[in-house]
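*Asks:* sequence first, predicted model second:
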Amino acid sequence: MKTLYIHGLESYPVPGKLEIMRKQGLEVTALHLDYFEKPDSFSILKNEAIKNNVEFIIGSSYGGFLGYWLAEDLGLPCLLFNPAMAYKTELEMHIPEISKLKCPARFVVLGVNDDTVDPIANAKFMKENNRKNIIQKVISCHWLGHQIDFDTFESMINWARV
């Protein structure tokens, strides 16, 4: 399955996670973007997804925020780790208006011990933005903080495979 992996703010595509995705049979595209230098990251990622015929999006933290909106815009399923839906930053976020929300399936992993992105606010956001025409599953992991360990990453990919 052609997959777009979107890393978090001030992060990069971790080689170990890319390897896990590839071992799971995912054909991964992962750009390294400095979101502060590239305020048009959404458009860059959208163009990359279209160019590579992406079928699935995986995003973490700020990459989860971008993945959420890309999945809605492109009508793709997604797996989001601690998405920064309820996070305030000085980063300029250029998300175009999306006229029709089209994500068919959204799997969200929240770390109960996340001290970067508030898991309670994230759960509330997901609940408020659930729709009848989407499969949405949210899991709260009591062992997890903001960083996603390799074992959890691999387990959650297996859980979300569509």
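*Replies:* Looks like it arrived, so ask away. Numbers count the residues shown, from 1 in each chain.

*Asks:* packing partners for the lengthiest helix in the chain?
*Replies:* Longest helix of the chain, by residue count under DSSP state H: helix 62-74. Here helix 62-74 touches strand 2-6, helix 41-51, strand 56-60, strand 78-81, going by 3 or more CB pairs under 8 Å, 6 or more residues apart in numbering; DSSP states H and E. For every residue, glycine as well, the C-beta is placed using N, CA and C.

*Asks:* just give the nearest non-adjacent residue to G63, would you?
*Replies:* Distances taken as CB to CB, 6 or more residues apart in numbering place I6 nearest to G63, at 3.3 Å, with adjacent residues excluded.

*Asks:* run a quick neighbour tally on the residue lying closest to C103 once chain neighbours are set aside.
*Replies:* Using CB to CB, 6+ apart and skipping the chain neighbours, the partner closest in space to C103 is A71 (4.1 Å). Residues within reach of A71, counting by other CB atoms under 10 Å, total 27.

*Asks:* wait, A71 touches P77, no?
*Replies:* Yes. Assessed by CB atoms under 8 Å, A71 is found in contact with P77 at 6.8 Å.

*Asks:* where do the helices sit along this protein?
*Replies:* 15-23, 41-51, 62-74, 119-128, 150-160.

*Asks:* tilt between the longest one and strand 2-6?
*Replies:* For helix 62-74 and strand 2-6, the angle between their directions (axes from the mean of the first three to the mean of the last three CA atoms, to 10 degrees) works out to 140 degrees.

*Asks:* residues in contact with helix 62-74: which ones?
*Replies:* Helix 62-74 is contacted from outside by 4-9, 11, 35, 41-42, 45-46, 49-50, 54, 57-59, 76-78, 80-85, 87, 89, 91, 93, 95-96, 98, 101-103, 106, using CB atoms under 8 Å, 6 or more residues apart in numbering.

*Asks:* that older thread, tell me the most buried of the helices and strands packed on helix 62-74?
*Replies:* strand 78-81 (a mean of 28; mean count of other CB atoms under 10 Å).

*Asks:* and that one, what other elements does it pack with?
*Replies:* Counting contacts by 3+ CB pairs under 8 Å, 6+ apart, strand 78-81 packs against strand 56-60, helix 62-74, strand 105-111, helix 150-160.
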